[in-house]
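In: kindly return the folded structure for what I paste below:
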Amino acid sequence: VQVPGYLKSLPIPSSTAGFAELTRDQWLQLVPFILFLFVILYLLLSPFLGVLTQRKERRPKVNRRQKLSDLKVIDNFDMEDLDKRMKEKDGKVSFCRCWKSSTFPYCDGTHGTHNKETGDNVGPLNLRLKKKKKKEKE
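Out: Residues are numbered from 1 along each chain as shown. I've put the predicted structure just below:
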């Protein structure tokens, strides 16, 4: 079967209204050609349609406990309060980064259990007071 001869033999109407006048046999003659056009159209457009229709998967939440009703969890501290807390805690304040601490935003060591259960390696953010160097006498 030669392509030009096949295309000439197809009962393609000259207007869109002509499709309504096609007989059942003429439609059956057009089916392979229409399917071919749909396959070509699909192959040409599928890379673009995939980008448009593809849903982005949401990544799992990290925070499953703290201030869940807030749009964003933000904690502010006065330096004086941190200084006071550091003096109470041997010059160190630890902030939770695993989101599981019962004393959030401060660390209570829960990350250790979290790390054992998940194989994660998360730890706290530690702030320390800088130890003052003793001045040498002249």
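In: what is the burial count for E88?
Out: Using other CB atoms under 10 Å, E88 has 9 neighbouring residues. (Each C-beta comes from the backbone N, C-alpha and C, glycine too.)
In: look up phi and psi at it.
Out: For E88, the backbone dihedrals (degrees, to the nearest 10) come out as phi -70, psi -30.
In: please apply the same query to F95.
Out: Dihedral angles (degrees, to the nearest 10) for F95: phi -110, psi 140.
In: list the buried residues for the lengthiest helix in the chain?
Out: Longest helix of the chain, by residue count under DSSP state H: helix 24-53. Using 16 or more other CB atoms under 10 Å as the test for burial, helix 24-53 gives 29-30.
In: could you give me the average pLDDT of it?
Out: On average, the pLDDT along helix 24-53 is 87.
In: ditto for stretch 98-109
Out: For stretch 98-109, the per-residue pLDDT averages 92.
In: contacts for that stretch?
Out: Contact with stretch 98-109 is made by 62-66, 75, 93-97, 110-111, 113-114, 120, 122, 124-125, as judged by CB atoms under 8 Å, 6 or more residues apart in numbering.
In: give the ChimeraX command for selecting the buried subset of the residues you listed.
Out: The following ChimeraX line selects those of the contacts of stretch 98-109 that are buried, judged by 16+ other CB under 10 Å:
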select :93,94,96,110,111,114,124
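In: then stretch 12-21 to CSV, C-alphas only?
Out: Output in CSV follows, covering the C-alpha atoms of stretch 12-21 (Å, rounded to 0.1, in the frame of the first residue of the first chain):
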residue,chain,number,x,y,z
ILE,A,12,-12.2,13.0,3.8
PRO,A,13,-15.0,15.7,3.5
SER,A,14,-14.1,19.2,2.3
SER,A,15,-15.9,20.8,5.3
THR,A,16,-16.6,20.0,8.9
ALA,A,17,-20.3,19.7,8.1
GLY,A,18,-19.3,16.9,5.6
PHE,A,19,-18.3,14.6,8.6
ALA,A,20,-22.0,14.4,9.6
GLU,A,21,-22.9,13.0,6.1
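In: fine, thanks again, bye for now.
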